Every structure is written in structure tokens, then in C-alpha cells.
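# What would the 3D arrangement of this be:
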Amino acid sequence: MARLHHRMPVILDPQDFDWWMTGPNDAVEQLLVPCQSNWLDAYPISRRVNNPRSDDADLIKRAA
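Have a look, this model is predicted:
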């Protein structure tokens with residue numbers, strides 16, 4: 001992901017959702033690790049995604 005952006009959102013394994021929401025702060029920090037690479041797929045999308053007035057499913061379709 002670093003080649004696309006320098007920041008990354010937290011991507012949790014579904015089994016860790018409850019722990020993330022209810023666990024003590026010092027314990028949930030253990031979840032701040034890179035997610036499995038097979039969970040992500042990068043592909044070009046429409047530049048329309050940059051327009052806040054655009055709001056339809058075509059925004060995430062693979063661009064030509």
C-alpha cells in the first residue's frame with residue numbers, strides 16, 4: 001500500500017471486532033499491524049471518485 005498512500009486505515013480480522021471496540025487501549029494496540037496482503041486488491045477507478053457529488057456503484061468499478 002505504501003506506493004499508493006503513506007497512511008493506512010486499520011483493517012481488522014472480523015474475529016477482533018469486539019476486542020477493538022471494548023478492550024483496554026493498551027491491549028488493542030496489538031491489533032495495529034499490517035493486514036494480510038490477500039485481503040487487499042488495488043486497481044484503477046474513475047476520477048469521478050474525487051467529486052463529492054458522485055455517489056453511485058460505478059465509482060468502484062475497474063477503470064478502462
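
# Spatially central residue in the protein, please.
Nearest to the mean C-alpha position of the chain, by Cα atoms, centre = their mean, lies Pro9 at 5.2 Å.

# Can you report phi and psi for that one?
Per-residue torsions, Pro9: phi -70, psi 160 (degrees, to the nearest 10).

# ok, now Asp26?
phi -70, psi -20.

# what's the distance between the closest residue in space to Trp19 that isn't next to it in sequence and Ala64?
Nearest non-adjacent residue to Trp19, counting by Cβ to Cβ, 6 or more residues apart in numbering: Val28, 6.3 Å away. (Glycine included, C-beta is placed from N, CA and C.) Using Cβ to Cβ, to the nearest Å, Val28 is found at 41 Å from Ala64.

# do Glu29 as well
42 Å.

# Comparing those two, which residue is more hemmed in?
The neighbour comparison of Glu29 against Ala64 (other Cβ atoms under 10 Å) goes to Glu29, with 10 against 5.

# So for that one, what's the pLDDT?
On pLDDT, Glu29 comes in at 87.

# And what about it, helix, strand or coil?
helix (DSSP: H, G, I helix; E, B strand; the rest coil).

# How about the contacts made by it?
Neighbour list for Glu29: empty [criterion: Cβ atoms under 8 Å, 6 or more residues apart in numbering].

# If I follow the layout properly, Ala63 ends up in contact with Arg48?
No - taking Cβ atoms under 8 Å as the definition, Ala63 is not a contact partner of Arg48, at 9.5 Å.

# Would you map the helices across this protein?
17-22, 25-28 (DSSP state H).

# Could I have the CA atoms of the longest one written out in PDB?
Coordinates of the C-alpha atoms in helix 17-22 are reproduced here as PDB (Å, rounded to 0.1, in the frame of the first residue of the first chain):
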ATOM      1  CA  PHE A  17     -14.000  -6.500  16.100                       C
ATOM      2  CA  ASP A  18     -15.300  -6.900  19.700                       C
ATOM      3  CA  TRP A  19     -11.900  -6.600  21.200                       C
ATOM      4  CA  TRP A  20     -11.200  -3.400  19.200                       C
ATOM      5  CA  MET A  21     -14.400  -1.800  20.400                       C
ATOM      6  CA  THR A  22     -14.300  -2.900  24.100                       C
END
